[in-house]
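**Student:** Here is my input, please return the structure:
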Amino acid sequence: GLAGYEADDCIGTLAALFSEETDITIVTGDRDLLQLLTDEVSVALLQKGIGNYKMYTKEVFYEETGVLPKALIDIKALMGDSSDNYPGVKGIGEKTAYKLIREYETIDRLLENLSLLPKGQQGKIQQGLSDLKISRKLAEINCSVPLACTLTEAVFTLNMEQAAVMLRRHQIKGIERMLEKLNAREIV
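**Tutor:** As a prediction, this is how the structure comes out:
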């Protein structure tokens, strides 16, 4: 991490940096990271239950949503996100946000065509314009964090003994048993 930047920004920056060298898979439970999908970057989105995840590529995301991954930024800006603490446009939910971005592709094009929307939507967007602009900035992952490291430096090596001590200390038994199984495989 880096002071003043969110973890998502660091992940986005490293994914962009390393995607020039190799294909990248981000493993996360955070749907916001789906905006990072490219031909070189995929996302394994954790689902309920240990070891369950859904693999997203740019194509899979488009098939599922009908929009390109970068459009997720504008969708989140319209609908807001209480977990990330930005408001969006009051009265515009997920379904409407996806519908509007499918039709207009970006917030800028949506605003250019505001007069074509139903009066109720026009009013909500006009009243929430400042929140929309702030939410747009907050929804976008910054992929230009001043980070520097090589792919070799970023390789994760698990110290089984230290991990086991930490898991016992915090009484995380399920993962501790998984580590024991992994450790047994390495010994064989």
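
**Student:** Can you verify K54 is assigned to a strand?
**Tutor:** Yes: per DSSP: H, G, I helix; E, B strand; the rest coil, K54 lies within a strand segment.

**Student:** neighbours around the residue nearest to it when sequence neighbours are not counted, how many?
**Tutor:** Once flanking residues are discounted, K54 sits nearest to L45: 5.0 Å by CB to CB, 6 or more residues apart in numbering. The C-beta positions use only the backbone N, C-alpha and C, and glycine is treated the same way. Using other CB atoms under 10 Å, L45 has 18 neighbouring residues.

**Student:** Now do the SS call for L45.
**Tutor:** strand.

**Student:** can you check A97 too?
**Tutor:** With three-state DSSP as the basis, A97 sits in helix.

**Student:** And it, what's its pLDDT?
**Tutor:** What the model reports as pLDDT for A97 is 97.

**Student:** Repeat that for L182.
**Tutor:** 64.

**Student:** what's the helix or strand where K133 lies packed up against?
**Tutor:** Take DSSP states H and E as the rule and K133 turns out to sit in helix 129-139. With contacts taken as 3 or more CB pairs under 8 Å, 6 or more residues apart in numbering; DSSP states H and E, helix 129-139 sits against helix 71-79.

**Student:** can you give me the mean pLDDT across the helix it packs on?
**Tutor:** Helix 71-79 comes out with an average pLDDT of 97.

**Student:** No further questions, thank you.
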